[in-house]
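Chemist: Could you look at this predicted model? Sequence included:
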Amino acid sequence: MEIRIGIVQSMKELSVELPEGADREAVENDVEAALEGDKLLWFTDRKGRRVGVPAARVAYVEFSSTVERNVGFGAL
């Protein structure tokens with residue numbers, strides 16, 4: 001599962017690939033709880049790295065169930 005997070009006053013978005021067994025509903029609940037409490041929103045990606053985003057800076061959160069891999073010059 002991939003999560004894309006838009007950051008307020010930033011043109012770039014943060015993309016985090018979660019492990020295969022990640023429970024989408026649990027992640028959504030964690031996001032909602034962090035946004036309500038104005039806390040840090042933490043994710044652990046497939047490689048075990050921790051990513052923290054201040055909830056006050058989140059513009060949007062987008063969940064994608066599949067991760068597409070584009071390789072080469074002709075891949076779109």
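Modeler: Great, that's in hand.
Chemist: Just list the residues touching the closest residue to T44 other than its chain neighbours, thanks.
Modeler: Closest residue to T44 in three dimensions, ignoring its sequence neighbours and counting by Cβ to Cβ, 6 or more residues apart in numbering: R50, at 5.5 Å. Glycine gets a C-beta too; all of them are placed from N, C-alpha and C. Listed by Cβ atoms under 8 Å, 6 or more residues apart in numbering, the contact set of R50 reads W42, F43, T44.
Chemist: Could you measure from the second one over to F73?
Modeler: Look at F43 and F73: by Cβ to Cβ, to the nearest Å, they are 31 Å apart.
Chemist: Could you do the first one as well?
Modeler: Applying Cβ to Cβ, one obtains 36 Å for the distance of W42 from F73.
Chemist: the more surrounded of the two?
Modeler: Residue environment comparison for W42 versus F73 gives the larger neighbour count to W42, 11 against 4, counting by other Cβ atoms under 10 Å.
Chemist: Wait, a strand at the more buried one?
Modeler: Yes - W42 sits within a strand when classified using DSSP: H, G, I helix; E, B strand; the rest coil.
Chemist: Look at the nearest residue to I3 once chain neighbours are set aside and tell me its secondary structure.
Modeler: Setting aside the residues directly before and after it, I3 is nearest to V16 in space (Cβ to Cβ, 6+ apart), at 4.9 Å. Using three-state DSSP, the secondary structure recorded for V16 is strand.
Chemist: these two touch, right, V16 and E2?
Modeler: Yes - the pair formed by V16 and E2 meets the contact definition of Cβ atoms under 8 Å, at 7.1 Å.
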